[in-house]
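Undergrad: Requesting a structural model of the entry that follows:
(chains A, B, C and D)
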Amino acid sequence: MGGENETAVETTSTRPPSKANMITPGCAVLLDINNGDKLTFAHLNKNASVKIGNIKCWLDALVGHPFGSVFEVQSGAKGASFVRVSPSGADLREGIAEKDDGEAAGDEVKSKDNRALIDNNTAQTLSAEDINKMRTEGVSGKEIMEALVANSATFHTKTAFSQEKYLRKKQKKYAPRVVVRRPSARSVCEAYFAKDPNKTGHLRMDMLALILSLANVGANAEVLVLDMLGGLLTASVAERLGGYGCVCSTYNTHKPPTIDMVRLFNFDASTSSGVVRAPVSQLISARIENSKLSAEAESKRKDGDDDINIILNETTDVSTSGNSMEVDGTTSTTETVEVSVATETTVILESVEGERTTKTTQILETVALDSRLEETPKIETESTGKRKAGTRPDEFEAGKSIKPGRLASDEDRKRWAIQGFTSLIVGAPFLDPWTVVEKLLPLLAPSAPFVIYHPYLQPLAECMNKLQSEHMAVGLQLQEPWLREYQVLPSRTHPNMQMSSTGGWVLSGIRINKA
Amino acid sequence: MGGENETAVETTSTRPPSKANMITPGCAVLLDINNGDKLTFAHLNKNASVKIGNIKCWLDALVGHPFGSVFEVQSGAKGASFVRVSPSGADLREGIAEKDDGEAAGDEVKSKDNRALIDNNTAQTLSAEDINKMRTEGVSGKEIMEALVANSATFHTKTAFSQEKYLRKKQKKYAPRVVVRRPSARSVCEAYFAKDPNKTGHLRMDMLALILSLANVGANAEVLVLDMLGGLLTASVAERLGGYGCVCSTYNTHKPPTIDMVRLFNFDASTSSGVVRAPVSQLISARIENSKLSAEAESKRKDGDDDINIILNETTDVSTSGNSMEVDGTTSTTETVEVSVATETTVILESVEGERTTKTTQILETVALDSRLEETPKIETESTGKRKAGTRPDEFEAGKSIKPGRLASDEDRKRWAIQGFTSLIVGAPFLDPWTVVEKLLPLLAPSAPFVIYHPYLQPLAECMNKLQSEHMAVGLQLQEPWLREYQVLPSRTHPNMQMSSTGGWVLSGIRINKA
Amino acid sequence: MAMLAVAAEERPEKGRAICEGDVVIVYERHDRMKAVTVTRNGELQNRFGVFPHNEWIGKKFGSQIVGKNGAGFVFLLAPTPELWTLALPHRTQILYIADISFVVSFLELRPGSIVLESGTGSGSLTHSLARAVAPTGHVHTFDFHEQRANAAREDFVRNGVSGVVTVKVRDIQGEGFPEELAGCVDGVFLDLPQPWLAIPSVVRSLRSDGLVCSFSPCIEQVQRTCEVLSKERFADIRTFEVLLRSYEVRHENLSTSFDCSEHSSEQKSSEVSTKPPPHKRQRANEADEKDKPEGGLDAGDTNGTSKTVGEESKKPQRQLKPVIARPYPETKGHTGYLTFARQATLM
Amino acid sequence: MAMLAVAAEERPEKGRAICEGDVVIVYERHDRMKAVTVTRNGELQNRFGVFPHNEWIGKKFGSQIVGKNGAGFVFLLAPTPELWTLALPHRTQILYIADISFVVSFLELRPGSIVLESGTGSGSLTHSLARAVAPTGHVHTFDFHEQRANAAREDFVRNGVSGVVTVKVRDIQGEGFPEELAGCVDGVFLDLPQPWLAIPSVVRSLRSDGLVCSFSPCIEQVQRTCEVLSKERFADIRTFEVLLRSYEVRHENLSTSFDCSEHSSEQKSSEVSTKPPPHKRQRANEADEKDKPEGGLDAGDTNGTSKTVGEESKKPQRQLKPVIARPYPETKGHTGYLTFARQATLM
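TA: Numbering: from 1, shown residues only, chains lettered A, B, ... in the order given. Here you go, the predicted model:
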């Protein structure tokens, strides 16, 4: 452990090349259109496109640029394409409304007030046709906006604040901007929470962050996850593992729940191979089998000099066999079922694929998320209606498996049975938490943390009570996160006017040896 | 309704004289010692005193000054007394630490950082004995503080922030300040919440404010209150009534719960007479009796041209008689019981008085509330231990009844039976809300709002569900208030570091005619 | 029906029955209500049918009224400042109950108090101030916008609070409060873009120990206001934020069959799969929410056709599922900061 | 036992057993735990008795250990960054899990990331950063206070994270981050009184699209930082506050006998009055709370004498009362504002 100070800086050379920061063909991207009005995931397959308003925009232009690049829609004869622009331009009035800059910028925000304001909708002399004509002629968004300002009778009577608001509105319509973001646990979670929260069980990004910390997720962990949030938990754990260790996404249903969100993360081969699936029944029976063996070994090993220790260990044994009793009736069948599960799983996943519209032409694969802003131009993808994330894996770069998550191998199951998982994360909004925890907690190594997310308080309160009275854990905490975002602008700093009212609740604790 | 604009300004002359703003003999005051460190209620009877540290301070000096006055403890030969001081002096460093004022005040708060700070407790050369000697010699607090600064080796090496902190600490010890506040719903609620929240069921001031609004409390209202919060609800309603209308503080227990907090409010005679008590049983039986009578009259009046209307009215009748059935078995006994309740109530209240330490010498009557700051000098009243608020009414000014709340008269009960109460407020942390509401809601006039406070969420959720399925109310809302206080200081603005985590929950709605 | 209560002795023996000229709050749903003045032969039309006013007259407040064409029903409620806040026409950003109730309480208003307000805005707060100071106190409210002041004055007359409310057109930031009120005001409420400009006038207006409240959305306004309040020797300068979180209550049956051997009992397995998959179920819930964005929407509230006893048979099944509460997903994140201060009690 | 996990293949077959030299978290109660290095013949003494280290060796992590004199027991837990945050010696104000988890997540750290931190403080965040970037990334952390940097370094060695953490004494506000890291840093965390002074150096350090986070308690610091970030062309400048509210769970039997005829049934009446009066009952609850200030204190947690099966008989009665949750009365109201920004991706 000595001498690490000297080698520190050199570690920078061992990190992977920043290729990860480049937008590559076939990779998944998060398109942030008009500053969060619309968020869309896309796989950059060949000839992928997105419709913004009525205009089809080709996405090829994104490839080769780094993530974080900003693009603007540039109209052309047959559809439009994206042109990279400078990320600046936060001040839209730049060069347009300069004559008003003399007006106090900071303090007197409302010095022009709305006393004299009469909005009669006759302020603009440019007609809709005029503008459309300009657009088909390929006039740039900036030029259209300049024309709008020049032809507005009221623009210069507005407050600086109103001017900016006006320009922002016009810019969204005539010169939409797209930031291409790298999908990550944080950005995927935030995008779904904002636009389609039911897919991820209303899991908010601060809650996800909290879960990953409470569950001690890091390289070399072996994390058991019950993920009924579309794969968000599984993928987020895999991202933190970074190819070291493994996440076992378990399930108890006939059809395993989808974890397709894993496909949005552009994982490399080693990270992808750390995503494993296994039915709960297999994990439990393997664990019980091992417990019995080790209990026998233990009792042979035992010498009688430590009374309390013996009592404690006996208690553990009782609890374990208590668990085994509950599933005992099924243990005998599990062995024979194992293979059929594996087979069936594949079939089911394929049938899920079959449900998709089978337009297999090379079009954009997107998850279109609803826009909340009505004034935004309607943005549609060519695929009709909503689809599952990343359902067309065939054009993915090599190294990605067709379905996310390989099935657990015999060695995997044996290892977990002996060592236990290093932590457990449960995200199952429609299951009673105690029912789940009672079954899954014995799969953990002692001293391993567990974390149960739920969108309701009361079921977790009852689960916590059960865990207390059954003496199964210490450090039990039932918590609710609170998150607030701020607008920080000169003389206009305040919390956002709308906020999410809850991030749900999380019950966490540490599994102990004594039952 | 016309012509009110002209008379407006003249109304100022009709308002009561500002005598209400003066501290008068016998009145109740809220002593705010050292900026909220300690909050104590006191009745300013003759020779009333308070102990601050070991020093007994006479309170006579407060009388004759307006509420809001600031006093400082002035040591004397036999105890200390309060001397009124200027309310300024917010900047304690004024005149003491001037030499540091050149240091940037606003921006560079931490420009002196703690890099070099070694606190070895040897910085002060004045001993405890030196200071005690100064105090017994009657040296003023300000002079002691100046001496402390002059004899401190490290004071001038501290940051401005640390200096102020140091001075504030010393001032609390050697020159305690007391602000004399007029007790009001807001200040009484805040004081109890800060220092003894169990007495008021953890009712926070924003919650109390919300309750009073939701219950439409104002002059001429007739408010039914189930107050198991020591009288805080009853008194707060009475304050808003201001002598117009009435608050009926009901109870279902053998011993009516105390509403002694009413005594802290310095109510005038007309406001006090608006506080009425009555057992639930009396109210219900009177209401049922009236319902039966009016239902009969109604059915005679009815002509058959409005089918739906008849159905609706019949539904109402069914519901009412359903209620009457539940209490029917007891209705017959209620009449005879009525008187005995009245008698018993008096006896019980007297026996409560008997429990007090019967030191009947003219000493200060206080509700000593715990201090949270340990470094503050211990402040004790002469009365041993904690006592109920205002338990010695004999020296109160004329016009106050001996027990708060007269018993409801026959006319009161008859009026309520016919008209119904104009709103209902329930504050009963140990009762199931639905049980209470089911009984009390029929006592309301139709279209009257009701408000149920509870420190837990789940019981109110279940109550709301019942109200929904029984179709007893509209506009049902289950809400949780959130309150945050800020420190606003130049370059040091932020929310307070500690906050109350919840103000409890409140279920509100409007009683409808259709059951 | 005036918004302010009359003394019990003056109330009609029969309780509150709707009369011609009354303002009633026509309640469709928690978040959909309308203030209507009852006129002979008047008529209200909404998505639940046609409602002739004549049928309302003589009915008690709180009554359910079925539409002429039977499409649904509404409730006729007595107006209160709280209902008015939910029903009023928005001429400006308005204050809601969390801020309103806190302001009224913190200003320690009671019958007889004199209170100043600027600006009047849509009059949402004004009605609550009026209720608090009636019948002997007075609210002087000011707005620099003439049309707005006039519209508010009409509302006050219509709602029967004009006896205790005076509206004037005045630019308080520029001119301050009228001199004739100096020294006798118990409370002042400011909702101004630059409240600090009005503070010197507040000092002149307030009595000793009187209270001022300033509402501002931005922290910079608060910082500047606090600075001036401090300079003007106000005591107890305190800044708060108040918010409300609303909960929905629903029946939710969480599955307790976490079947770890999915093939041993085909029965159980199919039981699980007959439930709609999570996403679809949640989507359905979400649709409900969008339809019921605020507060508790009660079953008795569900509009459509009138439900009577026949419906009862459906209940028992529903009752089996546990009742569960959760906050509505979106909520107000900020309205403004409330800064309070007390006029110094000078020696 | 190092805090960072080792690969499954390298783990001992028998699972995690305590060895000499391991750091264990000795858990007394949710809010009372201590990090102890296991030494041969070492001894821990606390209010629950005397605990010789020798008895720990070979036990599994997560085991309950009864004190020598039988006064009570403790649990021996494997260290994690979260437990360390609760057990560490406070040399400065520290960050807690709400802020820590949000920072790590928002900086999008993963194995292989290079991250800078200033100041190191008590090292509470550093351990979480280390876990996120291990085994191939690195945390460079800086503090201007030499003693503090040395103490933190010792902690990192002791907890086995020093392989991925380098501590240096450096005044980042004055000197900026070292030049040799320029352009290759994925994330920067600033906890400085004047973070804006460090921003130019952050610009030089970060790679394209890299993230910076600044933690500040006061809004003025945030305002100034945002201004500089904006001037330096950072993208996605966003400011958050994160807090956590902890709930206690208890059994509470609300009375459903609201007896409206108190004399008709003396039986019921006395039943009610045998319950302690509200004030006294609440006082008792309050006392519990003070003893258990944070998080869920579980029954299995209640220290004292070891409880075994014999205790079970008491349970059924207790289980009859409904389980109810409520927030602990006091909570953190503010820690600081977290401002994030992304290094512009320049053309």
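Undergrad: what ranges do the helices span in chain C?
TA: C:81-87, C:97-106, C:124-133, C:146-158, C:172-175, C:199-205, C:219-231, C:266-274, C:278-291, C:315-319 (DSSP state H).
Undergrad: where along the stretch 51-200 of chain A do the helices fall?
TA: Assigned by DSSP state H, counting those that start in this stretch, the helices in the stretch 51-200 of chain A fall at A:128-136, A:141-150, A:160-174, A:185-195.
Undergrad: hang on, the earlier thing: worst average pLDDT in the helices of chain C?
TA: When the helices of chain C are ranked by mean pLDDT, helix C:266-274 comes last with a mean of 34.
Undergrad: Pull the number of nearby residues for C:Thr37.
TA: Residues lying near C:Thr37 (other CB atoms under 10 Å in any protein chain shown) number 14. In short, each C-beta sits where N, CA and C put it, glycine included.
Undergrad: I meant to write C:Ala7 there.
TA: 12.
Undergrad: Output the lowest mean pLDDT helix or strand found in the chain.
TA: Here I'm looking at chain A. Least confident helix or strand of chain A, by mean pLDDT, DSSP states H and E, is helix A:307-354 with a mean of 30.
Undergrad: nope, chain C
TA: Result, chain C / mean pLDDT, DSSP H and E: helix C:266-274, a mean of 34.
Undergrad: Looking at chain A, which strand is longest?
TA: With DSSP state E setting the assignment, residue counts place strand A:473-487 as the longest strand in chain A.
Undergrad: Paired strands for that strand, with orientation please.
TA: strand A:494-495 (antiparallel), strand A:505-511 (antiparallel), strand D:235-251 (antiparallel) (DSSP bridges).
Undergrad: For beta bridges, what are the partners of C:Tyr337?
TA: Beta-bridge pairing of C:Tyr337 under DSSP bridges involves C:Ser216.
Undergrad: so it touches C:Arg238, yeah?
TA: No - counting by CB atoms under 8 Å, C:Tyr337 sits too far from C:Arg238 to count as a contact (10.6 Å).
Undergrad: Show me which of those two is the more surrounded one.
TA: Neighbours were counted for C:Tyr337 and for C:Arg238 using other CB under 10 Å; C:Tyr337 has more, 25 against 15.
Undergrad: Please read off the pLDDT at the more buried one from the model.
TA: For C:Tyr337, pLDDT reads 98.
Undergrad: Now do the contacts for it.
TA: Contacts were defined as CB atoms under 8 Å, 6 or more residues apart in numbering or on different chains; by that measure C:Tyr337 touches A:His494, B:Tyr486, C:Phe215, C:Ser216, C:Pro217, C:Ile219, C:Gln221, C:Val222, C:Thr239, C:Phe240, C:Glu241.
Undergrad: how much space between the third one and chain D?
TA: Shown here: C:Phe215 relative to chain D, a distance of 18 Å by CB to the nearest CB, to the nearest Å.
Undergrad: Isn't that residue up against C:Pro193?
TA: No - assessed by CB under 8 Å, C:Phe215 is found out of contact with C:Pro193, at 11.1 Å.
Undergrad: Mind checking which of those two has more residues around it?
TA: With neighbours defined as other CB under 10 Å, C:Phe215 and C:Pro193 compare such that C:Phe215 has more, 20 against 16.
Undergrad: Who are the contact partners of A:Leu226?
TA: A:Ser249, A:Thr250, A:Tyr251, A:Asn252, A:Val280, A:Leu424, A:Ile425, A:Val426, A:Gly427, A:Ala428, A:Val436, A:Leu440.
Undergrad: try C:Ala152
TA: So C:Ala152 contacts C:Arg91, C:Thr120, C:Gly121, C:Ser122, C:Gly123, C:Thr126, C:Thr141, C:Asp143, C:Val167 (CB under 8 Å, 6+ apart).
Undergrad: So the last one sits against C:Thr141, correct?
TA: Yes - C:Val167 lies in contact with C:Thr141 (CB under 8 Å); the separation is 5.3 Å.
Undergrad: Need the residues touching each of the two.
TA: With contacts taken as CB under 8 Å, 6+ apart, C:Val167 and C:Thr141 have C:Thr120, C:Ala152 as neighbours in common.
Undergrad: For chain A, what is the nearest residue in the stretch 51-200 of chain C?
TA: Using CB to the nearest CB, C:Pro193 is the residue of the stretch 51-200 of chain C that sits closest to chain A, at 3.8 Å.
Undergrad: Can you check the pLDDT for C:Phe73?
TA: 91.
Undergrad: which residue packs closest to it, ignoring adjacent ones?
TA: Spatial nearest neighbour of C:Phe73, excluding adjacent residues (CB to CB, 6 or more residues apart in numbering or on different chains): C:Val66 at 4.6 Å.
Undergrad: A:Asn34 now?
TA: Among residues not flanking A:Asn34 along the chain, A:Lys172 sits closest, at 4.6 Å (CB to CB, 6+ apart).
Undergrad: thought that neighbour was touching A:Gly36?
TA: No - counting by CB under 8 Å, A:Lys172 stays clear of A:Gly36, with 11.1 Å between them.
Undergrad: higher neighbour count, these two?
TA: A:Lys172 (20 against 16).
Undergrad: and the gap between that one and A:Tyr166?
TA: In this view, A:Lys172 and A:Tyr166 are 11 Å apart by CB to CB, to the nearest Å.
Undergrad: Just name the closest of the contacts of C:Tyr337 to B:Leu233, please.
TA: Comparing the contacts of C:Tyr337 against B:Leu233 with CB to CB places C:Phe240 closest, at 22.0 Å.
Undergrad: would you say A:Ala295 is within a strand?
TA: No - with DSSP: H, G, I helix; E, B strand; the rest coil as the criterion, A:Ala295 is located in helix rather than a strand.
Undergrad: didn't C:Leu229 look like it was pressed against C:Pro195?
TA: No - between C:Leu229 and C:Pro195 there is no contact under CB under 8 Å: 9.4 Å.
Undergrad: Now do the contacts for whichever residue of the stretch 1-150 of chain C sits closest to chain D.
TA: Residue nearest to chain D within the stretch 1-150 of chain C: C:Phe102 (17.2 Å; CB to the nearest CB). Neighbour list for C:Phe102: B:Asp206, B:Ala209, B:Leu210, C:Phe240, C:Val242, C:Leu338 [criterion: CB under 8 Å, 6+ apart].
Undergrad: Dump stretch A:457-477 to PDB, restricted to CA.
TA: Once non-C-alpha atoms are left out, stretch A:457-477 reads as follows in PDB (Å, rounded to 0.1, in the frame of the first residue of the first chain):
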ATOM      1  CA  LEU A 457     -44.400   4.900   2.200                       C
ATOM      2  CA  GLN A 458     -46.700   2.500   4.100                       C
ATOM      3  CA  PRO A 459     -45.500  -0.800   2.500                       C
ATOM      4  CA  LEU A 460     -41.900   0.100   3.400                       C
ATOM      5  CA  ALA A 461     -43.000   1.000   6.900                       C
ATOM      6  CA  GLU A 462     -44.500  -2.400   7.400                       C
ATOM      7  CA  CYS A 463     -41.500  -4.100   5.800                       C
ATOM      8  CA  MET A 464     -39.200  -2.200   8.200                       C
ATOM      9  CA  ASN A 465     -41.300  -3.300  11.100                       C
ATOM     10  CA  LYS A 466     -41.000  -6.900  10.000                       C
ATOM     11  CA  LEU A 467     -37.300  -6.700   9.600                       C
ATOM     12  CA  GLN A 468     -37.000  -5.200  13.100                       C
ATOM     13  CA  SER A 469     -39.100  -7.800  14.800                       C
ATOM     14  CA  GLU A 470     -37.400 -10.700  12.900                       C
ATOM     15  CA  HIS A 471     -34.000  -9.300  13.800                       C
ATOM     16  CA  MET A 472     -32.800  -9.700  10.300                       C
ATOM     17  CA  ALA A 473     -30.800  -6.500   9.900                       C
ATOM     18  CA  VAL A 474     -29.200  -3.500  11.600                       C
ATOM     19  CA  GLY A 475     -28.900   0.100  10.500                       C
ATOM     20  CA  LEU A 476     -32.400   0.100   9.100                       C
ATOM     21  CA  GLN A 477     -33.400   3.400   7.700                       C
END
